[in-house]
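1. Got a predicted structure here, sequence first:
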Amino acid sequence: MYRLAIPMFLALVCVACTNSGLGDAGVLDSDSDSDSDDPGVGNQCKWSGDWLLTNVKCSSFDIDEWFEKYATSRMVISDDGTGSGNCTVDFNWRASQDACVESETWTMTVTGPNEVDILFGGITECSPSDCVFPNDAETCLVGDRSLATPMSFTFDDSTQGEILTAGLLAPAWEQCTLDLVTTWTQQ
């Protein structure tokens with residue numbers, strides 16, 4: 001019995017090693033493309049495009065009033081040009097009847113397949129200058145809302161042409177003490 005078990009074990013080990021890819025050219029070679037799924041290596045920003053906010057929820061409850069205050073909210077996401085997979089975001093939201101348009105620039109660092117750290121650079125433009133959103137006490141001021149430390153978010157892009165994320169616009173809707181979930185649709 002032992003005479004049969006040892007050759008079978010050796011044959012099993014040989015088959016396992018052969019099928020593992022060990023010894024194949026490029027598997028452990030640092031110059032190969034085997035690491036192309038790593039979001040930080042040789043990629044472009046996978047979310048590049050024009051994204052329109054189409055749904056806002058407090059946890060699972062729709063917030064229809066959002067669109068009464070912010071007629072449109074848009075992210076234009078671009079590759080940062082470094083080949084790292086990181087992105088820049090030009091974000092703006094527009095009040096009803098164009099009473100106020102606020103623009104911001106964000107830097108997005110990809111930290112995982114659907115994980116990003118966003119550094120909010122603050123308001124870059126108010127149109128008209130010093131405008132106020134309806135039912136809002138705060139005046140739009142260039143430089144407001146900048147953060148020194150990035151915040152982490154998950155971009156769920158499992159539905160083609162959509163991004164779902166929680167907390168991204170949370171400060172804009174303080175009435176929601178749960179996750180503020182936003183759905184962005186690619187234009």
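-> Nice, I can see it. Numbers count the residues shown, from 1 in each chain.
2. quick one: contacts for the spatially most central residue of the chain?
-> The chain has Phe155 as the residue nearest its centroid, 4.2 Å off, counting by CA atoms, centre = their mean. For Phe155, the contacting residues are 47, 114-116, 163-165, by CB atoms under 8 Å, 6 or more residues apart in numbering. Every C-beta, even on glycine, is put in place using the N, C-alpha and C of the backbone.
3. do you know how far it is from Thr88?
-> Phe155 is 15 Å from Thr88, where distance means CB to CB, to the nearest Å.
4. Packing partners of the host helix or strand of Leu119?
-> Using DSSP states H and E, the element containing Leu119 is strand 115-127. Packing partners of strand 115-127 (3 or more CB pairs under 8 Å, 6 or more residues apart in numbering; DSSP states H and E): strand 101-112, strand 151-154.
5. Relative to the whole chain's centre, how far out is the shortest one?
-> Relative to its parent chain, strand 151-154 has a centroid offset of 7 Å by CA atoms, centre = their mean, to the nearest Å.
6. pLDDT of it, averaged?
-> Here strand 151-154 scores 95 as its mean pLDDT.
7. Quick check: buried residues in it?
-> By 16 or more other CB atoms under 10 Å, the buried positions in strand 151-154 come out as 153-154.
8. I'd like the next helix or strand past it.
-> Next element after strand 151-154 (DSSP H and E): strand 162-166.
9. Now do the helix or strand just after that following strand and strand 162-166, the angle between them.
-> Once strand 162-166 ends, the next helix or strand along the chain (criterion: DSSP H and E) is strand 180-186. Taking axes from the mean of the first three to the mean of the last three CA atoms, to 10 degrees, one finds strand 180-186 and strand 162-166 inclined to each other by 160 degrees.
10. Output the contacting helices and strands for strand 180-186.
-> Counting by 3+ CB pairs under 8 Å, 6+ apart, strand 180-186 packs on strand 49-58, strand 162-166.
11. Tell me which helix or strand in this protein has the weakest average pLDDT.
-> helix 2-19 (a mean of 40; mean pLDDT, DSSP states H and E).
12. which stretches of this protein aren't confidently modelled?
-> Low-confidence segments of the chain (pLDDT under 70): 1-42, 97-98, 135.
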